[in-house]
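> With the input below, show me the fold.
(2 chains)
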Amino acid sequence: MAKSTIYAGLEIGTSKICVVVGEAKRDGTIKILGVGTAPSRGVRKGEIVDFQKVQTVLNDALVRAEEPSEVMIRTVFLGVTGGHIRSLNSRGAWRLPEDQSEITEDDVEEAKEIARNVEIPQDHVFLHSITRQYIVDGQEGVRQPIGREGRVLEADYHIIHGMRGRIQNAVKCVREVPLEVEDVVFTAIAAAQVVLSREAKAQGALMIDIGGGTADYVLYEDGMIAASGCVPLGGDHITQDIAMAVQIPDRRAEELKVTEGSCIYEDVDPEDMVRVEDDNGFMIAEVERSFLNEVIHLRVREILEQVKARCEDHIGHLAAGVYLTGGTSLMKGIDVVAQDVFERKVTRAGSAPVSGVTATFEKPQFSAPVGLIRYAQILDQEKPFMSPLRRLGRKMADLLSIVP
Amino acid sequence: MVEYDRNALKETVEPGTLKTCIVGVGGAGGNVLDRITLDRTVDAKLVAVHTDIRVLSHSMSPNKVQLGIELMRGVGAGGDPELGREAAMFSREQIREAVTGHDIVFICTGLGGGTGSGAAPVIAEIAKSTGALVFLTATMPFSFEGRRRVKQAEESLDHLQKRADALILFENNRMGELTLPKDGIQKAFSQADQLIAQSLRAVSTILTTPGLVKLGLDDLTAALNTSNGRCLFGFGEARGQNRGTEAVKRALKSPLIDQGRLLHQTKTLLVHIAGGESLTLLEVDAIMKQLGKNVPDQTHILFGVAVDPKLGDSVCVTLLSSLGLAQLNTLAAAAPPAEMLPVREREMPKVMDAMTPAQAAPQPPPAPKPARAPKVEAVKPAPAPVAESMDLFFSNEEAPAPAEPVPAAPPEPEAALPEADESIHAFVQEVVDEPAAEQEEPAPFEDEVIIEQEVVAAHIPEPEPEPQPEKPRRPRIEDYITDTPPAPRPVSTSLAEVVGRNKPAAPAADAPYMPAGSRSKITEEEEQIAFQFRSEEDRGRFRETEPVLADGGEDLDVPTWMRLKRKLRR
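Numbers count the residues shown, from 1 in each chain, chains lettered A, B, ... in the order given. Modelled structure (predicted):
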């Protein structure tokens, strides 16, 4: 029987805080054991602004995830996002020593080191450095260079970095709960693991996870991650636009957006009015549906255009098209707008099928937290390359390096 | 032979002893009195005076006078000085009874409220009439208490200035510094009370203890005589080795002196050194030298030394001076940019904020006394009917007052009002009401408000609130939006049309910052500024967050439709 590990993913989103407990089996499948969500407070545009509120809500979500899964959550994979996250591609070339023609692990490490040695702003910290490919003597697309013959090894990296303080704050906030943070993952990377199939990645796909406060995107081409980032615009902005246009409270605007909102305004009957009622059923506003939709449309288009502007260079390679996920991707007509903006096939997707209580959680809102489990699994799968002995050796080396 | 108790004799017969009485008026005064009672620091008769029977019943002082029993029925004055004054009038006999037979009467109160501001002048008047020296220790309200109270406090102060022999004024805003920001509000207040109690004790000691180098009332008034001045007070007591220097250090540490920094500005400084019989000349010399470092050469130092066996081996240093409010504020608020303060004041300042020195700035306008005088006269006539009906304390000196503003009025705009009496009344009403109106105004530039207030006080034509609404009012979301809810007009809704159809209604909304006529004159730059200015408002709930800027510098947190509309309009 395949050995399995239980992971917990935590996403502190702008609209909800979500804890997912999942069992990652060695055969690559995932079983979701429990999901706990709680409406978020103290988070703006994907970033934590109020520790205490977040911690209270987080505790709620934690309990809700722990109960059905009967797992005591100690460590989590923490998903982070925010407008400060940037990415870049970097290549490091390493010329092998004269007396050596076969690439060894040390050479790969050297090349990696050089690739990673890029200038990022002083206050930034590496979040991910994902190997895109290796290039051996100009031959691209090499996945596994160790053991190959070659003179020059280049490591091609996609580096995601973000502001140290903000990431540390998120970690700190979770640690105070207390939960141990096993790894910090950019949510878009996590979501892409479950939204995009291997095939889609290979063909080239852009995944946009439009949440409450941010739109995180990852673009794959030729199976390699090519671009990623975060546009700090999301569903909250749509809500606010509505609230300010119709002059209703944010809560009503949110309701209006979810129940009546659509991005398509062109073929709407101009006489069609939408009533906004307060709790007691009194009408507090009335608005033309076409106007409402246009307000939404303008914002949605802008969000998508912002994403497009940031990965303009790679748009040409998207054979699999654009995948929309995240809560805002439920917006009616968003696919039409995306089609219009990207001129590519648009798919609205939740997480790919996983087993367990998932049926309910294939919703696009849960792509990122479920993706965190998948990410943890992939991380784990990459490890077995090391024999137990070597792992021990690494650990010792780590320990030694910590102690100065 | 008749036996007698020597001690008893000593207590009563000591000829030099001056009898003092401390009257705590209102809530703040009562608190100080409680503090004094608890500390038993001052040898004086303590009288608590209040309109509110419940507060009074909690007071710890041995003597209590309830003001206006019939009039108020034991309820507080509710922040109305008029009521406080009337209540005091009703109970003047009791007050007189309480204060007579004392050589010095201290009145401590917190100005700005009803009882404190209203009754204190009456009590001062009564105390004066009994032939006592009247000292007034008062606190000015916190700036967060609002302009209205500050105004009331100032009016009351004008009355008090005429009656009290010396005025010791404390700025509550500065008192807030006594405590650490995180300390409870209760502690902040009790510390402030303690400081006031200390100052009372110090002043009474200075005046009552026979000194080697005696300081008298004249010195005290000289030290405190600054127009619209606030008291700088420092008190330090120390014993043991280096007691002299220690005491000075402690005295300087007082927040009202700000580590001696505030002393640089004073013209007159009163220094009183008291010690037990062991006080040496050398120590006094050392103390004065040390103080000299903090005080500029030209400062007039009023110096007094007293030996009081009661002090044992400790040395007390008392520093007393005053500084004009304007100077105090410039010094205290040197750090934060002045223009930021008013804004903070508007948005319901938090208590903690208000307690920092930063808040000291948006305080009562530093209106010079002479300029204020006419207003005072103008204000007084209003109470007159009441005063007359009840055999007035104010009448003797102020009876002619009503006549004054009337002839003064004609050249002024107020004269437009038909009848003299009413005009005064109306004017008074205006003066009083104005601060309240101001509070509601979003008036972003405090400086202007202050200037204007002075103008009002000085009776310069056209000072009335009219200019205020005209002030460069910050554009608000509402202005912008009012026109946006779609008029129920069935048209096909293309993008341009939806945006365009709001146009006709637009000019009104745009007027505050872009008058249609002068639109062409507005330079690109100005427009940019206006744009930035308003964009903060347009950002709605993302107001406090980091802006999301697009390539063109557009703020993406501002609703898309709003930006688009703006673009189309250009």
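
> Downstream of the helix or strand hosting A:Val181, the next helix or strand is which one?
For A:Val181, the element it lies in under DSSP states H and E is strand A:180-186. Counting by DSSP H and E, the next helix or strand C-terminal to strand A:180-186 is helix A:187-195.

> Tell me how far A:Asp335 lies from A:His237.
Computed as C-beta to C-beta, to the nearest Å, the A:Asp335 to A:His237 distance reads 19 Å. Yep, even glycine has a C-beta here, placed from its N, CA and C like the rest.

> neighbour-wise, which of those two wins?
Neighbour count, other C-beta atoms under 10 Å in any protein chain shown: between A:Asp335 and A:His237, A:His237 has more, with 29 against 17.

> Point me to the residue of the stretch 1-150 of chain A nearest chain B.
Per C-beta to the nearest C-beta, the residue of the stretch 1-150 of chain A with the smallest distance to chain B is A:Arg44, at 5.3 Å.

> now the helices for chain A?
For chain A, the helices defined by DSSP state H cover A:51-69, A:105-116, A:164-175, A:187-195, A:198-203, A:235-242, A:250-259, A:289-310, A:334-342, A:367-382, A:388-402.

> got these as a markdown table, with mean pLDDT columns?
Output for the helices of chain A, formatted as a markdown table (pLDDT from 0 to 100):
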| stretch | mean pLDDT |
| --- | --- |
| helix A:51-69 | 88 |
| helix A:105-116 | 82 |
| helix A:164-175 | 88 |
| helix A:187-195 | 89 |
| helix A:198-203 | 88 |
| helix A:235-242 | 90 |
| helix A:250-259 | 88 |
| helix A:289-310 | 89 |
| helix A:334-342 | 90 |
| helix A:367-382 | 84 |
| helix A:388-402 | 65 |
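
> Out of those, the one nearest B:Ser322 is which?
Ranking the helices of chain A by proximity to B:Ser322 (C-beta to C-beta) places helix A:51-69 first, at 45.1 Å.

> counting contacts, what elements does that closest one pack onto?
strand A:4-12, strand A:16-25, strand A:30-39, helix A:164-175 (3 or more C-beta pairs under 8 Å, 6 or more residues apart in numbering or on different chains; DSSP states H and E).

> Make a markdown table from these and add distance to chain B and mean neighbour count to it.
Output for the helices and strands packed on helix A:51-69, formatted as a markdown table (distance: least, C-beta to the nearest C-beta, whole Å; neighbours: other C-beta atoms under 10 Å in any protein chain shown):
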| stretch | distance to chain B | mean neighbour count |
| --- | --- | --- |
| strand A:4-12 | 16 | 24 |
| strand A:16-25 | 17 | 26 |
| strand A:30-39 | 16 | 21 |
| helix A:164-175 | 10 | 18 |
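
> what's the closest of the ones you listed to A:Ala285?
For the helices and strands packed on helix A:51-69, proximity to A:Ala285 was assessed by C-beta to C-beta; strand A:30-39 is nearest, at 23.9 Å.

> Sheet-wise, list the partners of the closest one with their directions.
Strand A:30-39 pairs in its sheet with strand A:16-25 (antiparallel), strand A:355-356 (parallel), by DSSP bridges.

> C-alpha coordinates for the first one, PDB please?
Put plainly, it is strand A:16-25. Extracted C-alpha coordinates of strand A:16-25, given in PDB (Å, rounded to 0.1, in the frame of the first residue of the first chain):
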ATOM      1  CA  LYS A  16     -12.100  33.900   3.000                       C
ATOM      2  CA  ILE A  17      -9.600  32.100   5.100                       C
ATOM      3  CA  CYS A  18      -9.500  28.500   4.100                       C
ATOM      4  CA  VAL A  19      -7.800  25.500   5.600                       C
ATOM      5  CA  VAL A  20      -7.700  22.300   3.600                       C
ATOM      6  CA  VAL A  21      -6.500  19.000   5.100                       C
ATOM      7  CA  GLY A  22      -5.500  16.500   2.500                       C
ATOM      8  CA  GLU A  23      -4.000  13.100   2.300                       C
ATOM      9  CA  ALA A  24      -1.300  12.900  -0.400                       C
ATOM     10  CA  LYS A  25      -0.700   9.300  -1.400                       C
END
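
> tilt between it and strand A:4-12?
For strand A:16-25 against strand A:4-12, the angle by axes from the mean of the first three to the mean of the last three C-alpha atoms, to 10 degrees is 170 degrees.

> for strand A:16-25, the distance to its chain's centre please.
The chain centre lies 14 Å from the centre of strand A:16-25; the measure is C-alpha atoms, centre = their mean, to the nearest Å.

> Check the gap between the nearest residue to A:Gln55 once chain neighbours are set aside and B:Glu145 for me.
Closest residue to A:Gln55 in three dimensions, ignoring its sequence neighbours and counting by C-beta to C-beta, 6 or more residues apart in numbering or on different chains: A:Val177, at 5.7 Å. Using C-beta to C-beta, one gets 41 Å for the distance from A:Val177 to B:Glu145.

> Repeat that for A:Val108.
In this structure, A:Val108 and B:Glu145 are 70 Å apart, going by C-beta to C-beta.

> list the buried ones in stretch B:67-85?
Judged by neighbour count (16 or more other C-beta atoms under 10 Å in any protein chain shown), stretch B:67-85 contains these buried residues: B:67-68, B:71-72, B:74, B:76-77, B:79-85.
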